[in-house]
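Trainee: okay, here's the prediction I keep looking at, along with the sequence it came from:
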Amino acid sequence: MTKTLITGGAGYIGSHAAKALASLDREVVILDSLVAGHRDFLKWGEFEEGDLADTAFLKDVFARHDISEVLHFAAFIAVGESVEKPGMYYGNNVRNTLNLLDAMMEAGVKRMVFSSTAAVYGEPVTSVIAENHPLSPLSPYAWSKRMIEQILADYGKAYGLKHICLRYFNAAGADPNNEVGERHQPETHLIPLILHAALGLRDNITIFGTDYPTPDGTCLRDYIHVTDLADAHVRALDYLGSGGDSGAFNLGNGNGFSVREIIDVAREITGKDIVVAEAARRPGDSPALVSSSIAARETLGWEPRLGDIREIIRTAWDWHQKDLA
Ligand SMILES: NC(=O)c1ccc[n+]([C@@H]2O[C@H](COP(=O)([O-])OP(=O)(O)OC[C@H]3O[C@@H](n4cnc5c(N)ncnc54)[C@H](O)[C@@H]3O)[C@@H](O)[C@H]2O)c1
């Protein structure tokens, strides 16, 4: 039986992927150091606690489990922090991915689905971003993902690694059964921050920039439900498992929502009067990042099922009320 190793499976997206695989009766092993993950997210599969920096531990995990394929989520994820601490980001994201790849090659494991990001595109030059858009990362975080994409391509040529890079737009929402959800510390993502304000855990939500060339002056982003992301990972694994070629796919809904629109929907769903503060633009924020996900639809047969922004925010709200009660 196929056994899938999930690095970072105690984190937000990895735990949803573990649930998606386990619900199909697939065998799962989660590898996580818990540096940013959560023990209570470990509800599916076996758990191996350890760090990708530890090459002896990695070797031992591959020796003890008959792993067929890897979902690689483990990384540091905060763009701003990566600008301040680039060594920490290149070390954990790039060097530790090399450790993982080398352990995989030694164990003869030749299939990986990798968590990349829309941030590899940098400043968009087209209104909708397809996979052939130029890659021009703006931060060490985004560069680390871009470098890993290149490393995977090179391991493909040298050792026959088959890989899919999934470039997520804004992951959002929570498991519709409320078994797991988003918990980052510190939280930097818009929807959880808005919901923290709705719960009274912060005074307000700050909108950075109200003079962008968008309909209401605030930034447009493409929000994709985490359960839809999890489903895309299962499809990408199956695609590689059935002999599919390596490649990169965007994962988004193809709709841009402004910061003000997200706040309005959150007010409607929570019934709370969320206080807004307005501030200047942040350097590096693009006015609009909207995905074309046609390639994932055509090649992986993936279709977002929870694309409605109300559903995304409603599931996040259900989770945050439970998690932060
Ligand atoms: N959240 C988003 O909107 C988003 C968007 C694009 C890409 N991504 C990517 O998706 C992946 C998952 O993101 P997330 O939001 O679930 O993050 P997260 O912080 O919730 O999960 C990351 C997990 O990796 C673990 N980890 C980190 N370094 C490790 C190491 N060296 N060894 C073992 N475990 C380690 C952490 O403990 C954590 O459980 C990341 O690679 C991130 O870059 C996320």
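Mentor: On my side now, so go ahead.
Trainee: list the helices and strands the lengthiest helix in the chain packs on?
Mentor: Longest helix in the chain, counting residues (DSSP state H): helix 140-159. Contact here means 3 or more Cβ pairs under 8 Å, 6 or more residues apart in numbering; DSSP states H and E; on that basis helix 140-159 packs against helix 79-84, helix 86-89, helix 96-107, strand 111-117, strand 162-168. Any C-beta I mention is one placed from the backbone N, CA and C, and that applies to glycine too.
Trainee: Serialize the ones you listed to CSV and add fields for distance to Thr218, mean pLDDT and mean neighbour count.
Mentor: Output for those, formatted as CSV (distance: least, Cβ to Cβ, whole Å; pLDDT from 0 to 100; neighbours: other Cβ atoms under 10 Å):
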stretch, distance to Thr218, mean pLDDT, mean neighbour count
helix 79-84, 18, 93, 16
helix 86-89, 28, 98, 16
helix 96-107, 35, 98, 19
strand 111-117, 21, 98, 25
strand 162-168, 21, 98, 24
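Trainee: would you mind giving those as CSV with distance to the ligand added?
Mentor: As requested, the helices and strands packed on helix 140-159 are exported to CSV (distance: least, Cβ to the nearest ligand atom, whole Å):
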stretch, distance to the ligand
helix 79-84, 10
helix 86-89, 10
helix 96-107, 5
strand 111-117, 4
strand 162-168, 4
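Trainee: got CSV for these, with distance to Asn253 too?
Mentor: Formatted as CSV, the helices and strands packed on helix 140-159 follow (distance: least, Cβ to Cβ, whole Å):
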stretch, distance to Asn253
helix 79-84, 21
helix 86-89, 28
helix 96-107, 28
strand 111-117, 16
strand 162-168, 11
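Trainee: tell me which of the ones you listed lies nearest to Gly14.
Mentor: Nearest to Gly14 among the helices and strands packed on helix 140-159 is strand 111-117 (8.2 Å), distances taken as Cβ to Cβ.
Trainee: the strands in this structure, which residues?
Mentor: Counting by DSSP state E, the chain has strands at residues 3-7, 27-32, 46-49, 69-72, 111-117, 162-168, 170-172, 205-208, 220-221, 223-225, 247-251, 257-258, 276-279, 288-289.
Trainee: what comes up buried for the longest helix of the chain?
Mentor: Of the residues in helix 140-159, 140-149, 151-153, 155-156 count as buried by neighbour count, 16 or more other Cβ atoms under 10 Å.
Trainee: tell me the residues of the stretch 151-300 of the chain that contact the ligand?
Mentor: 168, 170-171, 184 (Cβ under 6 Å from any ligand atom).
Trainee: go again using 5 Å as the cut-off
Mentor: 168, 171 (Cβ under 5 Å from any ligand atom).
Trainee: poorly predicted segments of this protein, please.
Mentor: Applying pLDDT under 70 to the chain flags no residue at all.
Trainee: can you give me the domain assignment for it?
Mentor: 3-172+224-251, 190-221+254-323 (automatic domain parsing).
Trainee: hey, which of the ones you listed is tucked in deepest?
Mentor: domain 3-172+224-251 (a mean of 20; mean count of other Cβ atoms under 10 Å).
Trainee: end-to-end on that domain?
Mentor: 24 Å (Cα to Cα, to the nearest Å).
Trainee: same deal with stretch 294-308?
Mentor: Counting by Cα to Cα: the opening and closing residues of stretch 294-308 are 18 Å apart.
Trainee: please name whichever of the strands of the chain is nearest to Val79.
Mentor: Closest among the strands of the chain, once you apply Cβ to Cβ, is strand 111-117, at 9.2 Å.
Trainee: now for the closest one, which elements pack on it?
Mentor: strand 69-72, helix 140-159, strand 162-168, helix 226-241.
Trainee: and the angle for the longest one with strand 111-117?
Mentor: Using axes from the mean of the first three to the mean of the last three Cα atoms, to 10 degrees, the direction of helix 140-159 lies 160 degrees away from that of strand 111-117.
Trainee: quick check, distance from helix 140-159 to the centre of its chain.
Mentor: 17 Å (Cα atoms, centre = their mean, to the nearest Å).
Trainee: tell me the angle that helix makes with strand 247-251.
Mentor: 150 degrees.
Trainee: swap in the third one?
Mentor: Counting by the same axes, to 10 degrees, strand 162-168 points 20 degrees away from the direction of strand 247-251.
Trainee: and the contacts of strand 162-168?
Mentor: 13, 110-118, 120-121, 131, 148-149, 152-153, 155-156, 224, 229, 232-233, 236, 239-240, 244-252, 296 (Cβ atoms under 8 Å, 6 or more residues apart in numbering).
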